[in-house]
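In: the following comprises the amino acid sequence and a computationally predicted model.
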Number of protein chains: 4
Amino acid sequence: MHIGLIGLGKMGFNMRERLRNAGIEVTGLDRNPDVTDVAGMDELIAAVPAPRLIWVMVPSGDITESVITELGSKLDAGDLVIDGGNSRFTEDQKHAAALADEGIRFVDCGVSGGVWGLKNGYGLMAGGEAGDIERALPVFDALRPEGDRADSFVHVGAVGAGHYAKMVHNGIEYGLMQAYAEGYELLAAKDIITDLPGTFRAWQKGTVVRSWLLDLMVKALDEDPGLASIDDYVEDSGEGRWTVEEAIANAVPAPAITAALFARFSSREDNSPAMKMVSALRNQFGGHATRPAK
Amino acid sequence: MHIGLIGLGKMGFNMRERLRNAGIEVTGLDRNPDVTDVAGMDELIAAVPAPRLIWVMVPSGDITESVITELGSKLDAGDLVIDGGNSRFTEDQKHAAALADEGIRFVDCGVSGGVWGLKNGYGLMAGGEAGDIERALPVFDALRPEGDRADSFVHVGAVGAGHYAKMVHNGIEYGLMQAYAEGYELLAAKDIITDLPGTFRAWQKGTVVRSWLLDLMVKALDEDPGLASIDDYVEDSGEGRWTVEEAIANAVPAPAITAALFARFSSREDNSPAMKMVSALRNQFGGHATRPAK
Amino acid sequence: MHIGLIGLGKMGFNMRERLRNAGIEVTGLDRNPDVTDVAGMDELIAAVPAPRLIWVMVPSGDITESVITELGSKLDAGDLVIDGGNSRFTEDQKHAAALADEGIRFVDCGVSGGVWGLKNGYGLMAGGEAGDIERALPVFDALRPEGDRADSFVHVGAVGAGHYAKMVHNGIEYGLMQAYAEGYELLAAKDIITDLPGTFRAWQKGTVVRSWLLDLMVKALDEDPGLASIDDYVEDSGEGRWTVEEAIANAVPAPAITAALFARFSSREDNSPAMKMVSALRNQFGGHATRPAK
Amino acid sequence: MHIGLIGLGKMGFNMRERLRNAGIEVTGLDRNPDVTDVAGMDELIAAVPAPRLIWVMVPSGDITESVITELGSKLDAGDLVIDGGNSRFTEDQKHAAALADEGIRFVDCGVSGGVWGLKNGYGLMAGGEAGDIERALPVFDALRPEGDRADSFVHVGAVGAGHYAKMVHNGIEYGLMQAYAEGYELLAAKDIITDLPGTFRAWQKGTVVRSWLLDLMVKALDEDPGLASIDDYVEDSGEGRWTVEEAIANAVPAPAITAALFARFSSREDNSPAMKMVSALRNQFGGHATRPAK
């Protein structure tokens, strides 16, 4: 099998290697001349035998949009495009419809596993028609961990379902990280706890909270036991926001996931306008002193 | 009528003046020689005619404890002590029981109104036995705003009920301030809003959100339209915490009030351990860059 | 002055009366033959002298969309359309642009005050160009409470700013109601509180939490002291959701307002899938009994 | 080695078996005659050779209190009591001091693993003095999973630290379950998701959210794919509440864990007073219909 892979960043670069290790021939395309296999899209398309399978692994939003638009104008009927990036599920139907006008097939696939996927394999959630999924199974099997396919791959539903599932996966991930992090702070706040890293380490086997994220906490604390080198500024990417937006759209209460998102927003505020106002109000009614602005 | 008033701080000082304006004779006691009327507790007790009414208006916790203990040892049977401070309601039963051993009566009274109470009058919530409440009515009437007594005074229930009601009042206050403050930040974040102070001003009459706190927001924005002089560090006092603890004790969901309390905690953290951990985790699984510690 | 008013529901009907009481001639249009002044749009446009001022007060979304589209095709250059409904601010720019193609002016105006507006007047927040706002001032002045214009009317900013401010106003309203409601439940949960309605009544004067919403709580408790006749099912309308979506879009933490929205979602769930899963998990790891489904 | 084990319920019964499987002699005491090894405390104490090690595994609160009090009056100086139940950490210091008066040693040990501990081993967090911990190591080693001791056992700190760590562990557990459960509901709400159980199954290998709790979700969905048999009523036990109380006491924001706790409170309310009030308020200001009480 010989596929095209567009996007060789943190995820795509490792995926190319994992695919090749599994015996799949991969022609990779990236803007970065140090990692790309070909100079451009035309060369990529020329290199991959038809009917082609082109895996897109670029940042969601405008870049994905332009790549898929270009593929739509250059691929042949019967080719299959898989968007493995973190596109919003609402984009998938549009992309599928635009490609369908040219007879090109489309599958969306949520990919989880981060930088560890090369070694561990990736968890995969695909949306699309059964025939298209079937066709890509060798690629999915190469990317996912060994063992039962059902433990690391699912055909979730129609086009969009893969990215919807990945979005929810990431929303859950926000909530999980926040829960562990709140617990970390509660332990750090208590002076009777004299072995904080050891506590997390001891949760790895046997406890109810054992998980891969917990293992990563242990690793992080091994590298920097007090996290002294790290600032508390935390970015968020689209999936957390979209998850809360979907909660709203579907009238689903999602307080823990939303708390995780808002905690990241707060982490990035040097001087919260809201809390300035609360301080001003306390001063107004109670004469409580405000602190002068930093 | 002639009463004793212990504690002449931000609240007590104004209350003495309001009581005197209403024709009630007040002997005030405070550690601060500039404001006290008498040199000490014995002189206070000597000055107030028996059966005495002594209003305690000192910081909750240890100071209230020691004042009430001293009163228990020095007052006479039939005297009445009113704790108008922000004691936790769980303390009231203990204080009432200790004083009852000496035949001294006890009433707890939540007092709201802040530094504006002198001019506007105070909202009052009292807990205790009907006879004791009745006896103190002239004091309550002098402190509260003019108009119907029921609009600014309530005998909430038995000893402790006054402070319980005041605690919940303050918990609500936390939630109200947080809601306004979040709205303020949302308006401040949007560049199409070109008259932010004017928006709050225009909410004062006619809208559903009109309130005294809103009037104070307008006043704060008059004094400093962008709140540029104020830091976002916000203290909390006991009542907000106790309200959430009571929510837990009674299995009452209180997410908005709790959000307000946690927002204050966050406002005081320079470098949140929890968010450092979230940042560390994102780095571990996804290779996302952390920021170096400040 | 003679204006047109489209939509004579709970809000529009009262507004027509308030405008007429102020000496403004109003031709009203509604689908309901019992309340409409004219049979249809053409008759309305014929009745109102040019350059016309047409106030639209219909449900947001599709109905507003179709009314404004029809106005665009039927009004003359120089006419002014004011959308006083609860449209999402993002719609306003589109409506303004579409009308501008015909030379028709557009102003968006958030209106607060509910069913009490007829008597009390409405709080108004307008977005648009200064000349258009100026032209509508007599209408704004008739609708708002008497007294200083700045206390009940604001020109917030460009087109969309009025509805943005109204959206935030309603988001705040969600948070305020939730805070009061949590306090109500905390008081109701405590048996030492023997006069629950009286407690709210006594907060009306003098306390920090006094507000119009509090006055309405007192009124609701007058009518039904234990709220025994009312179910806990609570609807939400667009503004609360949009406020949270704007919080997300602007990276503004809004935990209290969001808590209020999620509490409404929860109130409408008979059997939460999420909590079924929590129950299932507790059973899986700890052998804790689940309850059989209702 | 021969120890005593008091409490043979869901946890203690399995622990006795695991200890015996590891070659440790155990005399167990329980009120239930079907499972106890001895008739009463005196017989237990007589059976275990001095210096004794007595593991207490009974419900926290009054029962733990009475068991430890009885042990204090009957054990000999040099004996060691380990409280492996879910006592609040604040109790431990009291218990240690009371036992120390009799020369009896005390260690608190958080035990996690639920009904699976018999097979998998338990995660253990111990608080106490180094010598006492050392003495109990064979018991800890028998209870915990095989492999590196540090992965499943930690001496967290002084007396109380073990239960504090276990409390935080359980608080985290609340947050984790809530995050997964919210994600479950979001997936269940979306009709494009046609294989919901399969989605969770596919997350077990490779994804960032893989964990033991996720494996249990898969198991629960295997047994009842739509959770149709389970009600959404969820109990809480002390640790979740204590975790939030500690968050408050230490001014640590813990919004996700608290959201999980409040979601359980809400799940148990048939008719929320708070939401009845919100409904009443919407009716008061906006004329929005309330639903009649169920």
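Out: The structure has been received and is ready for your questions.
In: could you pull out the strands for the stretch 151-294 of chain A?
Out: A:153-157 (DSSP state E, counting those that start in this stretch).
In: which positions in it make contact with chain C?
Out: Neighbours of chain C within the stretch 151-294 of chain A, by C-beta under 8 Å from any C-beta of the partner chain: A:208, A:236, A:241, A:244-245, A:247-249, A:251-255, A:258-259, A:261-263, A:265-266, A:268-269, A:272, A:274, A:285. Backbone N, C-alpha and C define where each C-beta goes, glycine included.
In: now do the same contact list for the nearest residue to A:Arg149 once chain neighbours are set aside.
Out: Take A:Arg149 and drop its neighbours on the chain: the residue closest to it by C-beta to C-beta, 6 or more residues apart in numbering or on different chains is A:Asp141, 6.8 Å away. Contact analysis of A:Asp141 by C-beta atoms under 8 Å, 6 or more residues apart in numbering or on different chains lists A:22, A:149, A:153.
In: what's the answer for A:Thr90, then?
Out: A:Gly160.
In: that's a helix at it, yeah?
Out: Yes. A:Thr90: assigned to a helix according to DSSP: H, G, I helix; E, B strand; the rest coil.
In: quick one on the thing from earlier: can I have the buried ones of the contacts of A:Asp141 as a ChimeraX selection?
Out: Buried residues within the contacts of A:Asp141, by 16 or more other C-beta atoms under 10 Å in any protein chain shown, are selected in ChimeraX with:
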select /A:149,153
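In: pLDDT added to the contacts of A:Asp141, as CSV?
Out: As requested, these are exported to CSV (pLDDT from 0 to 100):
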residue, pLDDT
A:Ala22, 98
A:Arg149, 98
A:Phe153, 98
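In: and of the contacts of A:Asp141, the nearest to chain C?
Out: The shortest approach to chain C among the contacts of A:Asp141 belongs to A:Phe153, at 22.6 Å (C-beta to the nearest C-beta).
In: residues of the stretch 51-200 of chain A that sit close to chain B?
Out: Neighbours of chain B within the stretch 51-200 of chain A, by C-beta under 8 Å from any C-beta: A:114-116, A:177-178, A:180-182, A:184-185, A:188-189.
In: filter those residues down to just the ones in helices.
Out: Judged by DSSP state H, helices contain the following of those: A:177-178, A:180-182, A:184-185, A:188.
In: weed out the non-buried ones from these.
Out: A:177-178, A:180-182, A:184-185, A:188.
In: I'd like these written out as CSV, with distance to chain D and pLDDT added.
Out: Rendered in CSV, the data for these read as follows (distance: C-beta to the nearest C-beta, whole Å; pLDDT from 0 to 100):
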residue, distance to chain D, pLDDT
A:Met177, 9, 98
A:Gln178, 4, 98
A:Tyr180, 6, 98
A:Ala181, 9, 98
A:Glu182, 4, 98
A:Tyr184, 9, 98
A:Glu185, 5, 98
A:Ala188, 9, 97
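In: which SS state does the residue nearest to A:Arg18 when sequence neighbours are not counted fall under?
Out: The spatially closest residue to A:Arg18, leaving aside those adjacent along the chain, is A:Leu118, at 5.3 Å (C-beta to C-beta, 6+ apart). Put simply, A:Leu118 is helix when judged by three-state DSSP.
In: which regions of chain A sit below the pLDDT cut-off?
Out: By pLDDT under 70, chain A has no low-scoring segment.
In: and the residue nearest to A:Arg18, what does it touch?
Out: Residues counted as contacts of A:Leu118 (C-beta under 8 Å, 6+ apart) are A:14-15, A:17-18.
In: most widely separated two among those residues?
Out: Put simply, by C-beta to C-beta the two of the contacts of A:Leu118 set farthest apart are A:Met15 and A:Glu17, 7.2 Å from each other.
In: of the two, give the one with the bigger neighbour count.
Out: Between A:Met15 and A:Glu17, A:Met15 has the larger neighbour count (other C-beta atoms under 10 Å in any protein chain shown), namely 27 against 15.
In: next one: phi and psi at the more buried one?
Out: phi -60, psi -40 (degrees, to the nearest 10).
In: look up how far chain D lies from it.
Out: 12 Å (C-beta to the nearest C-beta, to the nearest Å).
In: is that residue in contact with A:Leu143, as I believe?
Out: Yes. A:Met15 is within contact range of A:Leu143, at 6.3 Å (criterion: C-beta atoms under 8 Å).
In: common neighbours of those two, please.
Out: The contact lists of A:Met15 and A:Leu143 share A:111, A:117, A:122, where a contact means C-beta under 8 Å, 6+ apart.
In: using TSV, lay out those residues together with neighbour count and distance to C:Asp92.
Out: As requested, those are arranged in TSV below (neighbours: other C-beta atoms under 10 Å in any protein chain shown; distance: C-beta to C-beta, whole Å):
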residue	neighbour count	distance to C:Asp92
A:Val111	27	39
A:Gly117	26	45
A:Tyr122	28	44
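In: quick check: residues of the stretch 1-150 of chain A near chain D?
Out: Checking the stretch 1-150 of chain A against chain D by C-beta under 8 Å from any C-beta, the hits are A:89, A:112-114, A:117, A:120-125, A:127, A:144-145, A:147, A:150.
In: from the residues of the stretch 151-294 of chain A next to chain C, list the ones also adjacent to chain D.
Out: A:208, A:247, A:252-255, A:258-259, A:262-263.
In: returning to what we had before: for D:Val67, state which of the residues of the stretch 51-200 of chain A next to chain B is nearest.
Out: For those, the nearest to D:Val67 is A:Ala189 (30.6 Å; C-beta to C-beta).
In: nearest residue to the closest one other than its sequence neighbours?
Out: Using C-beta to C-beta, 6+ apart, the closest residue to A:Ala189 is D:Asn250 (4.2 Å).
In: look at the closest residue to A:Leu53 other than its chain neighbours and give its secondary structure.
Out: In this structure, A:Leu53 finds its nearest non-sequential neighbour in A:Ile3, 4.5 Å apart by C-beta to C-beta, 6+ apart. At A:Ile3 the chain is in strand, as set by three-state DSSP.
In: can you count the residues close to A:Ile3?
Out: Neighbours of A:Ile3 (other C-beta under 10 Å): 23.
In: same check on A:Glu146?
Out: 11.
In: quick one: the helices in the stretch 151-294 of chain A, in order.
Out: Under the criterion DSSP state H, counting those that start in this stretch, the stretch 151-294 of chain A contains helices at A:161-188, A:196-202, A:212-223, A:238-249, A:255-267, A:273-286.
In: of the ones you listed, which is nearest C:Met41?
Out: Closest among the helices of the stretch 151-294 of chain A, using C-beta to C-beta: helix A:238-249, at 33.0 Å.
In: buried sites along stretch A:284-294?
Out: A:284-286, A:288, A:290.
In: contacting residues around the closest residue to A:Asn271 other than its chain neighbours?
Out: Nearest non-adjacent residue to A:Asn271, counting by C-beta to C-beta, 6+ apart: B:Asp232, 5.0 Å away. Going by C-beta under 8 Å, 6+ apart, B:Asp232 touches A:269, A:271-276, A:279, B:267.
In: partner strands of the lengthiest strand in chain A, with direction?
Out: For chain A, the longest strand by residue count, based on DSSP state E, is strand A:105-112. Here strand A:105-112 is paired, per DSSP bridges, with strand A:80-83 (parallel), strand A:123-127 (antiparallel).
In: hang on, the earlier thing: now the residue nearest to A:Arg149: how far from chain C?
Out: Taken as C-beta to the nearest C-beta, the span from A:Asp141 to chain C is 30 Å.
In: for A:Asp42, same thing?
Out: Distance from A:Asp42 to chain C, by C-beta to the nearest C-beta: 38 Å.
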